[in-house]
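Student: got a predicted structure plus its sequence, pasted below:
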Amino acid sequence: MNLLLLASYLLDRARCRARAALDGNPESGALTLEWIVIAAILVAAAGAAAVFFNRAITTETGKLP
């Protein structure tokens, strides 16, 4: 749940910065691309972690009697 909240927060911040950049002030959106890249990396890392932990948990639960 927290990871989803973090990802949605970062995407929301990226959207706000993109809107600020499109308003015409070039300095206000200077980090727009960086925030979008960071958000995409975090979402990809969260997906990879979910797959990894799901497989690990499934493997361990298979060992239970």
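Tutor: Arrived safely, thanks for sending. Just so it is clear, the model here is predicted, and its values are computed rather than measured.

Student: other SSEs contacting the helix or strand bottoming out on mean pLDDT in the chain?
Tutor: Sorted by mean pLDDT, DSSP states H and E, the helices and strands of the chain end with helix 2-22, the least confident at a mean of 79. Helices and strands touching helix 2-22, as assessed by 3 or more C-beta pairs under 8 Å, 6 or more residues apart in numbering; DSSP states H and E, comprise helix 32-62. No exception for glycine: its C-beta is placed from N, CA and C like everyone else's.

Student: the helix it packs on: which residues count as buried?
Tutor: Of the residues in helix 32-62, those with enough neighbours to count as buried (16 or more other C-beta atoms under 10 Å) are T32, W35, I36, A39, V43.

Student: any idea of the mean pLDDT for it?
Tutor: Here the mean pLDDT over helix 32-62 is 89, rounded to a whole number.

Student: elements contacting that helix?
Tutor: Secondary elements touching helix 32-62 (3+ C-beta pairs under 8 Å, 6+ apart): helix 2-22.
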